[in-house]
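**Q** Here is the input, now give the coordinates:
(chains A and B)
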Amino acid sequence: MSDQELIEGCISNHPESQKALFNLFSSKMLAVCLRYVSNRAEAEDILQDGFIKVFGKIGSFKNEGSLEGWIKRIMVNTALDQLRKNKKLLINELDENWDVMDDRESSDSLEAKDLMKLVQSLPNGFRTVFNLYAIEGYSHKEIGEILGINESTSKSQYSRARGHLMKMLGKVEQKEF
Amino acid sequence: MTEKDEIAALFRSRLSEHQESVDPSIWNNIQHGLQTQSIGASAGAVAKTSGLFKTLAVAGLVIGGGIVTTVVYLNVVQEDQVEQNEVAVTPVGNTPNKIELEKDALLDNPVENSNATEIQTEPKPFDPQQSLKNVGIESAGESTTNQASAPDNQTEPKQIKNETSIKTTQETAEARKGSTDTGVGFTKTEDSNLPNNLSKTENTEYQFLTKEIPNIFTPNGDGFNDLFSIPLGVDMRHQTKIFDKRGVLVAEFDDRTEGWNGLASSGAELSEGTYFYVTFVSYGAKSSKQFKGTISLKR
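**A** Below you'll find the predicted structure:
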């Protein structure tokens, strides 16, 4: 089934198309959701809400970008909504109880799931900015607008998040810290 | 700069295509959610699975802190207002809405804004939270101002770890579930001679409390004033959260216990001093009211 057929099927609410679309993208989208929250249950909640939105909005998907990119944006939106709703978009906080990973592996041997854990272990504000900037590829200006913070705040959040990640990766740079 | 790119590139390359195995139950929930949507578009009380999850999330938030508590209600109210008005932007130009719009514009380009409203206007069943909703409406004006100042206070409740709040959330949910069958016997007895007794038909003014909530208690085991309890009106239920001076939630209790014994949720004995409480008294889903105040703990 091509993307186009899939989309049309979903527009006419065919359960089979909907399920096919879900099967096609859910694994990747769960990984996206997981990056934004610290635990799986919350990520699955976002995934569910996100897909319900996807099916509700799919009629308005224009074939301008990739379907995957579109769905991913909805997931990110849903995740941000969720964080906002839970007041977890806390910027500027430095969690004192924050642990540095004990086993410092070199980044080469790190697998995706380890990196995922690192991202998830970041405080919420750091994690959000880091995700949006480093992985989703938004600019600090855009992030500022999305999160309602200053561009400079986004920058500093990102650099601190990065610092923490580096520390956790055992790559402490003396000249910077 | 190169270092920055290196870190970003590392994470991007490993994570942007990363996949996680999805539990099959999630599809069932989505399907259920879709069905519920098409059947009961206007029936806000229909429970849908994701709605329940949402409720959990919101409940988890409530635990987040006193200020946050009010803000949640606002959020609920916002959704409610959005439902009613069928307009994405609700009154009182408060920040979240603004952000929502900007975010929609930015992240959601392919989706027209008119469609974006559709999402928000979907009924969000908050069945167990119905009471909270009511309260939220009552204090909507006040909450709005709270919300405006919220960012300043945001750092306070963060000490509560995610894991704990989720756990407590589940407990709360269970508590809710459980408390439907548990009676509130002790209140019924003292209520027979109330002047403003509840009768659902003739008077909409419910009596939530039989007297004022006390402002001091002495949990020292002397058998006198050992519990902080809410003097509930007949058939009323309550949920109460206790916050310390920094706004950190330290304990909570509801009508299944006679009162709070001065112990933190962790079981630790809390030090003497002043604490804040936020208590929700509800009469089923029909009516509810929020009471706030301070309680002094002395041993």
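**Q** which residues in chain A form helices?
**A** Assigned helices in chain A, in chain order: A:3-11, A:15-36, A:40-57, A:67-85, A:112-121, A:124-130, A:140-147, A:151-168 (criterion: DSSP state H).
**Q** Please identify the most buried of those helices.
**A** helix A:124-130 (a mean of 26; mean count of other CB atoms under 10 Å in any protein chain shown). To be clear about C-beta, it is placed using only N, CA and C from the backbone, and glycine gets the same treatment.
**Q** List every C-alpha atom in stretch A:126-136, with coordinates, as CSV.
**A** Output of stretch A:126-136 as CSV, limited to C-alpha atoms (Å, rounded to 0.1, in the frame of the first residue of the first chain):
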residue,chain,number,x,y,z
PHE,A,126,17.1,20.7,29.4
ARG,A,127,15.6,17.7,27.7
THR,A,128,13.0,19.6,25.8
VAL,A,129,15.5,22.2,24.5
PHE,A,130,18.1,19.5,23.7
ASN,A,131,15.6,17.5,21.8
LEU,A,132,14.2,20.4,19.8
TYR,A,133,17.6,21.7,18.9
ALA,A,134,20.0,18.8,18.6
ILE,A,135,17.7,16.2,17.3
GLU,A,136,14.6,17.9,15.7
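**Q** Contacts for that stretch, please.
**A** Contact partners of stretch A:126-136, identified using CB atoms under 8 Å, 6 or more residues apart in numbering or on different chains, comprise A:35-36, A:38, A:76, A:80, A:83, A:89, A:91, A:119-120, A:122, A:138-140, A:142-143, A:146-147, A:154, A:157-158, A:160-162, A:164-165, B:7-8, B:11-12, B:15-16.
**Q** give me that answer again for 7 Å
**A** By CB atoms under 7 Å, 6 or more residues apart in numbering or on different chains, the surrounding residues in contact with stretch A:126-136 are A:35-36, A:76, A:83, A:89, A:119, A:122, A:138, A:140, A:143, A:146-147, A:154, A:157-158, A:160-161, A:164, B:8, B:11-12, B:15-16.
**Q** can you check stretch B:287-299 too?
**A** For stretch B:287-299, the external contacting residues (CB under 7 Å, 6+ apart) are B:131, B:134-135, B:139, B:206, B:208, B:213, B:215-220, B:228, B:262, B:270, B:272-282.
**Q** can you check stretch A:25-32 too?
**A** With CB under 7 Å, 6+ apart as the criterion, stretch A:25-32 contacts A:43, A:47, A:50, A:68, A:71-72, A:75-76, B:18-22.
**Q** Kindly reformat the helices of chain A as TSV containing distance to residue B:290 and mean pLDDT.
**A** Shown next, in TSV, are those (distance: least, CB to CB, whole Å; pLDDT from 0 to 100):
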stretch	distance to residue B:290	mean pLDDT
helix A:3-11	42	87
helix A:15-36	31	92
helix A:40-57	26	92
helix A:67-85	19	90
helix A:112-121	34	85
helix A:124-130	27	89
helix A:140-147	30	90
helix A:151-168	33	88
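**Q** Is it possible to get CSV of these that adds distance to residue B:26?
**A** Formatted as CSV, the helices of chain A follow (distance: least, CB to CB, whole Å):
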stretch, distance to residue B:26
helix A:3-11, 17
helix A:15-36, 7
helix A:40-57, 6
helix A:67-85, 13
helix A:112-121, 18
helix A:124-130, 22
helix A:140-147, 26
helix A:151-168, 29
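**Q** right, so of those, which gets closest to residue B:248?
**A** Residue B:248 lies closest to helix A:124-130 among the helices of chain A, at 16.6 Å (CB to CB).
**Q** In PyMOL, how would I select the buried members of the contacts of stretch B:287-299?
**A** Command for PyMOL that selects the buried part of the contacts of stretch B:287-299, burial taken from 16 or more other CB atoms under 10 Å in any protein chain shown:
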select buried, chain B and resi 131+134+135+139+206+208+213+217+218+219+228+262+270+275+276+277+278+279+280+281+282
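**Q** So which of the contacts of stretch B:287-299 belong to strands?
**A** Among the contacts of stretch B:287-299, the residues falling in strands (DSSP state E) are B:216-217, B:273-282.
**Q** which two in those are spaced the farthest apart?
**A** B:273 and B:282 (28.9 Å).
**Q** Residue A:112 and residue A:126: what is the separation?
**A** Look at residue A:112 and residue A:126: by CB to CB, to the nearest Å, they are 19 Å apart.
**Q** And for residue A:62?
**A** Taking CB to CB, one finds residue A:62 at 34 Å from residue A:126.
**Q** same check, this time on residue B:285
**A** From residue B:285 across to residue A:126, the span is 40 Å (CB to CB).
**Q** Repeat that for residue B:295.
**A** Distance of residue B:295 to residue A:126, given as CB to CB: 36 Å.
**Q** how many neighbours does residue B:268 have?
**A** Number of residues near residue B:268 (other CB atoms under 10 Å in any protein chain shown) recorded here: 10.
**Q** doesn't residue B:251 make contact with residue B:242?
**A** Yes - with contact defined as CB atoms under 7 Å, residue B:242 reaches residue B:251; the gap is 4.4 Å.
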